[in-house]
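**Student:** Just need the structure, nothing else, for what follows:
(2 chains)
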Amino acid sequence: DAKTTQPPSMDCAEGRAANLPCNHSTISGNEYVYWYRQIHSQGPQYIIHGLKNNETNEMASLIITEDRKSSTLILPHATLRDTAVYYCIVSLDGGYQKVTFGTGTKLQVIP
Amino acid sequence: GAVVSQHPSRVICKSGTSVKIECRSLDFQATTMFWYRQFPKKSLMLMATSNEGSKATYEQGVEKDKFLINHASLTLSTLTVTSAHPEDSSFYICSAPAGVRGYTFGSGTRLTVV
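**Tutor:** From the prediction side, this is the model:
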(Lines give C-alpha, C1' and ligand atoms only; values in the text may rest on other atoms or scores of the structure.)
Protein backbone atom coordinates (compact mmCIF):
# COMPACT_ATOMS: atom_id res chain seq x y z
CA ASP A 1 0.00 0.00 0.00
CA ALA A 2 1.04 3.56 -0.67
CA LYS A 3 2.45 5.49 2.27
CA THR A 4 0.91 8.73 1.05
CA THR A 5 -2.63 9.98 0.58
CA GLN A 6 -3.65 12.93 -1.56
CA PRO A 7 -6.95 14.43 -2.67
CA PRO A 8 -7.85 13.04 -6.09
CA SER A 9 -8.41 16.39 -7.74
CA MET A 10 -8.11 20.14 -7.27
CA ASP A 11 -8.84 23.23 -9.32
CA CYS A 12 -6.82 26.42 -9.27
CA ALA A 13 -7.30 29.71 -11.07
CA GLU A 14 -4.50 30.73 -13.39
CA GLY A 15 -2.09 33.10 -11.65
CA ARG A 16 -3.10 32.03 -8.20
CA ALA A 17 -1.15 29.84 -5.83
CA ALA A 18 -1.88 26.12 -5.95
CA ASN A 19 -1.53 24.34 -2.62
CA LEU A 20 -1.44 20.57 -2.91
CA PRO A 21 -1.56 18.60 0.35
CA CYS A 22 -0.13 15.17 1.09
CA ASN A 23 -0.47 12.99 4.16
CA HIS A 24 2.36 10.64 5.06
CA SER A 25 1.68 9.80 8.69
CA THR A 26 3.83 6.63 8.67
CA ILE A 27 6.95 8.30 7.30
CA SER A 28 10.18 7.04 8.84
CA GLY A 29 12.75 9.36 10.33
CA ASN A 30 15.19 9.01 7.44
CA GLU A 31 12.67 9.08 4.60
CA TYR A 32 12.42 12.07 2.35
CA VAL A 33 9.28 13.53 0.83
CA TYR A 34 9.50 13.76 -2.96
CA TRP A 35 7.10 15.46 -5.32
CA TYR A 36 6.74 14.64 -9.01
CA ARG A 37 4.26 15.63 -11.63
CA GLN A 38 3.04 13.77 -14.68
CA ILE A 39 1.68 15.48 -17.71
CA HIS A 40 -0.56 13.31 -19.85
CA SER A 41 1.25 10.43 -21.56
CA GLN A 42 4.68 11.40 -20.25
CA GLY A 43 6.89 10.08 -17.49
CA PRO A 44 6.80 11.81 -14.10
CA GLN A 45 9.12 14.78 -13.62
CA TYR A 46 10.88 15.78 -10.42
CA ILE A 47 9.67 18.93 -8.72
CA ILE A 48 11.15 19.17 -5.24
CA HIS A 49 12.04 17.14 -2.19
CA GLY A 50 12.70 17.63 1.51
CA LEU A 51 13.47 15.88 4.75
CA LYS A 52 12.17 18.18 7.48
CA ASN A 53 12.96 21.75 6.53
CA ASN A 54 10.87 23.75 4.13
CA GLU A 55 12.37 23.90 0.67
CA THR A 56 12.04 26.22 -2.30
CA ASN A 57 13.33 26.00 -5.83
CA GLU A 58 12.53 27.62 -9.15
CA MET A 59 9.46 25.48 -9.59
CA ALA A 60 7.80 25.27 -6.21
CA SER A 61 7.94 25.41 -2.45
CA LEU A 62 7.57 22.49 -0.10
CA ILE A 63 6.21 22.94 3.40
CA ILE A 64 6.66 19.99 5.76
CA THR A 65 4.91 19.97 9.10
CA GLU A 66 7.03 19.77 12.21
CA ASP A 67 5.85 16.22 12.96
CA ARG A 68 6.59 15.33 9.29
CA LYS A 69 3.24 13.61 8.94
CA SER A 70 2.09 15.85 6.13
CA SER A 71 3.37 18.30 3.58
CA THR A 72 2.12 20.85 1.09
CA LEU A 73 3.45 21.59 -2.35
CA ILE A 74 2.98 25.19 -3.36
CA LEU A 75 3.03 26.39 -6.94
CA PRO A 76 3.15 30.16 -6.36
CA HIS A 77 1.64 31.34 -9.63
CA ALA A 78 -0.10 28.49 -11.42
CA THR A 79 -0.15 28.52 -15.21
CA LEU A 80 -2.11 26.39 -17.63
CA ARG A 81 1.03 24.34 -18.20
CA ASP A 82 0.91 23.28 -14.55
CA THR A 83 -2.18 21.18 -15.26
CA ALA A 84 -0.98 17.68 -14.43
CA VAL A 85 -1.18 14.85 -11.91
CA TYR A 86 1.00 15.55 -8.88
CA TYR A 87 2.40 12.68 -6.85
CA CYS A 88 4.07 12.80 -3.46
CA ILE A 89 6.03 9.80 -2.32
CA VAL A 90 8.27 9.06 0.63
CA SER A 91 11.54 7.23 0.20
CA LEU A 92 15.06 6.91 1.45
CA ASP A 93 17.68 9.18 -0.05
CA GLY A 94 19.11 8.17 -3.42
CA GLY A 95 16.14 6.51 -5.04
CA TYR A 96 17.09 2.89 -4.54
CA GLN A 97 14.03 2.02 -2.49
CA LYS A 98 11.01 0.73 -4.36
CA VAL A 99 7.95 2.82 -3.74
CA THR A 100 4.23 2.44 -4.15
CA PHE A 101 2.60 5.43 -5.76
CA GLY A 102 -0.67 6.70 -4.40
CA THR A 103 -3.46 8.13 -6.47
CA GLY A 104 -1.87 11.55 -6.87
CA THR A 105 -3.79 14.80 -7.27
CA LYS A 106 -5.07 15.90 -10.65
CA LEU A 107 -4.57 19.66 -10.68
CA GLN A 108 -6.64 21.55 -13.21
CA VAL A 109 -5.56 25.13 -13.75
CA ILE A 110 -8.48 27.17 -14.96
CA PRO A 111 -8.08 30.22 -17.20
CA GLY B 1 21.91 14.87 -15.22
CA ALA B 2 20.41 11.43 -14.54
CA VAL B 3 18.48 11.12 -17.77
CA VAL B 4 16.74 7.89 -18.77
CA SER B 5 15.88 7.45 -22.43
CA GLN B 6 12.97 5.11 -23.11
CA HIS B 7 12.09 3.65 -26.52
CA PRO B 8 9.86 3.24 -28.32
CA SER B 9 7.44 5.96 -27.24
CA ARG B 10 4.55 4.09 -28.77
CA VAL B 11 4.16 0.71 -30.40
CA ILE B 12 1.31 -1.23 -31.93
CA CYS B 13 1.68 -4.97 -32.23
CA LYS B 14 -0.46 -7.94 -33.15
CA SER B 15 -1.73 -10.42 -30.59
CA GLY B 16 0.72 -13.20 -29.99
CA THR B 17 3.83 -11.24 -30.86
CA SER B 18 6.48 -9.97 -28.47
CA VAL B 19 7.50 -6.38 -27.89
CA LYS B 20 10.71 -5.07 -26.35
CA ILE B 21 10.92 -1.78 -24.49
CA GLU B 22 14.34 -0.28 -23.77
CA CYS B 23 15.46 2.11 -21.09
CA ARG B 24 18.94 3.55 -21.28
CA SER B 25 20.66 5.69 -18.69
CA LEU B 26 22.40 8.35 -20.73
CA ASP B 27 24.72 10.13 -18.34
CA PHE B 28 24.98 7.80 -15.38
CA GLN B 29 25.13 4.13 -14.51
CA ALA B 30 21.84 2.63 -13.42
CA THR B 31 22.47 -0.42 -11.29
CA THR B 32 18.76 -0.57 -10.51
CA MET B 33 15.72 0.02 -12.73
CA PHE B 34 12.08 0.04 -11.70
CA TRP B 35 9.38 -0.88 -14.20
CA TYR B 36 5.86 0.46 -13.86
CA ARG B 37 2.61 -0.04 -15.66
CA GLN B 38 -0.09 2.60 -15.81
CA PHE B 39 -3.69 2.22 -16.89
CA PRO B 40 -5.68 5.23 -18.13
CA LYS B 41 -6.38 7.75 -15.37
CA LYS B 42 -4.73 5.49 -12.83
CA SER B 43 -1.54 5.73 -10.85
CA LEU B 44 1.76 4.03 -11.55
CA MET B 45 1.82 0.37 -10.55
CA LEU B 46 5.20 -1.15 -9.80
CA MET B 47 5.77 -4.32 -11.80
CA ALA B 48 9.34 -5.27 -11.02
CA THR B 49 12.77 -4.15 -9.94
CA SER B 50 15.79 -5.08 -11.99
CA ASN B 51 19.37 -5.03 -10.85
CA GLU B 52 22.34 -5.19 -13.16
CA GLY B 53 23.68 -8.69 -13.46
CA SER B 54 20.98 -10.43 -11.45
CA LYS B 55 17.42 -11.63 -11.85
CA ALA B 56 14.62 -9.14 -11.58
CA THR B 57 12.32 -9.10 -8.57
CA TYR B 58 8.66 -9.11 -9.55
CA GLU B 59 5.77 -7.73 -7.57
CA GLN B 60 3.01 -10.04 -6.50
CA GLY B 61 0.63 -10.83 -9.32
CA VAL B 62 3.02 -9.92 -12.13
CA GLU B 63 3.75 -12.82 -14.49
CA LYS B 64 7.49 -13.09 -14.84
CA ASP B 65 7.20 -15.28 -17.91
CA LYS B 66 5.07 -12.71 -19.68
CA PHE B 67 7.07 -9.65 -18.67
CA LEU B 68 10.71 -10.54 -19.18
CA ILE B 69 13.14 -8.05 -17.72
CA ASN B 70 16.82 -7.98 -18.57
CA HIS B 71 19.41 -5.71 -17.03
CA ALA B 72 22.59 -6.92 -18.65
CA SER B 73 24.56 -3.69 -18.45
CA LEU B 74 24.82 -0.64 -16.25
CA THR B 75 23.18 1.53 -18.88
CA LEU B 76 20.45 -0.67 -20.35
CA SER B 77 17.40 -2.41 -18.96
CA THR B 78 14.76 -3.98 -21.17
CA LEU B 79 11.19 -5.15 -20.67
CA THR B 80 9.86 -7.68 -23.15
CA VAL B 81 6.14 -8.32 -23.25
CA THR B 82 5.87 -11.84 -24.61
CA SER B 83 2.91 -13.26 -26.49
CA ALA B 84 1.12 -9.97 -26.10
CA HIS B 85 -2.65 -9.82 -25.79
CA PRO B 86 -5.02 -6.85 -25.85
CA GLU B 87 -5.17 -6.81 -22.05
CA ASP B 88 -1.44 -6.06 -22.04
CA SER B 89 -2.14 -2.75 -23.71
CA SER B 90 -0.98 -0.08 -21.31
CA PHE B 91 1.52 2.70 -20.63
CA TYR B 92 4.85 1.34 -19.41
CA ILE B 93 7.39 3.52 -17.58
CA CYS B 94 10.88 2.83 -16.32
CA SER B 95 12.60 4.63 -13.47
CA ALA B 96 16.10 4.69 -12.03
CA PRO B 97 17.69 6.08 -8.87
CA ALA B 98 18.69 9.70 -9.41
CA GLY B 99 20.53 10.69 -6.26
CA VAL B 100 19.23 13.84 -4.62
CA ARG B 101 16.24 13.94 -6.95
CA GLY B 102 15.13 10.53 -5.84
CA TYR B 103 14.06 8.97 -9.10
CA THR B 104 14.36 9.76 -12.77
CA PHE B 105 11.71 8.44 -15.12
CA GLY B 106 11.66 7.47 -18.75
CA SER B 107 9.17 9.17 -21.04
CA GLY B 108 7.01 6.07 -21.19
CA THR B 109 5.90 3.60 -23.86
CA ARG B 110 2.31 3.36 -25.04
CA LEU B 111 1.70 -0.27 -26.02
CA THR B 112 -1.37 -1.15 -28.03
CA VAL B 113 -2.02 -4.80 -28.82
CA VAL B 114 -4.48 -5.43 -31.64
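
**Student:** Going along the chain, name the strands of the chain.
**Tutor:** You didn't say which chain, so I picked chain A. Per DSSP state E, chain A carries strands over the ranges A:9-13, A:18-23, A:31-38, A:45-50, A:55-56, A:61-64, A:70-75, A:84-92, A:105-110.

**Student:** wrong chain, I was asking about chain B
**Tutor:** Along chain B, counting by DSSP E, strands occupy B:4-7, B:10-13, B:19-25, B:32-38, B:44-51, B:57-58, B:67-73, B:76-81, B:90-97, B:103-105, B:109-113.

**Student:** Quick one, which of those gets closest to residue A:54.
**Tutor:** strand B:103-105 (21.7 Å; CB to CB). Quick note: C-beta positions are derived from backbone N, CA and C, even for glycine.

**Student:** Let me have the strands of chain B in a markdown table, extended by mean neighbour count, distance to chain A and mean pLDDT.
**Tutor:** Shown next, in a markdown table, are the strands of chain B (neighbours: other CB atoms under 10 Å in any protein chain shown; distance: least, CB to the nearest CB, whole Å; pLDDT from 0 to 100):
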| stretch | mean neighbour count | distance to chain A | mean pLDDT |
| --- | --- | --- | --- |
| strand B:4-7 | 18 | 7 | 97 |
| strand B:10-13 | 14 | 9 | 97 |
| strand B:19-25 | 21 | 10 | 97 |
| strand B:32-38 | 23 | 6 | 97 |
| strand B:44-51 | 21 | 4 | 95 |
| strand B:57-58 | 16 | 8 | 96 |
| strand B:67-73 | 17 | 14 | 92 |
| strand B:76-81 | 21 | 14 | 96 |
| strand B:90-97 | 24 | 3 | 97 |
| strand B:103-105 | 24 | 4 | 96 |
| strand B:109-113 | 19 | 7 | 98 |
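
**Student:** To residue A:51, which of these lies closest?
**Tutor:** The nearest among the strands of chain B, by CB to CB, is strand B:103-105 at 16.2 Å.

**Student:** list the helices and strands that closest one packs on?
**Tutor:** In terms of contacts (3 or more CB pairs under 8 Å, 6 or more residues apart in numbering or on different chains; DSSP states H and E), strand B:103-105 is packed against strand A:31-38, strand A:45-50, strand B:90-97.
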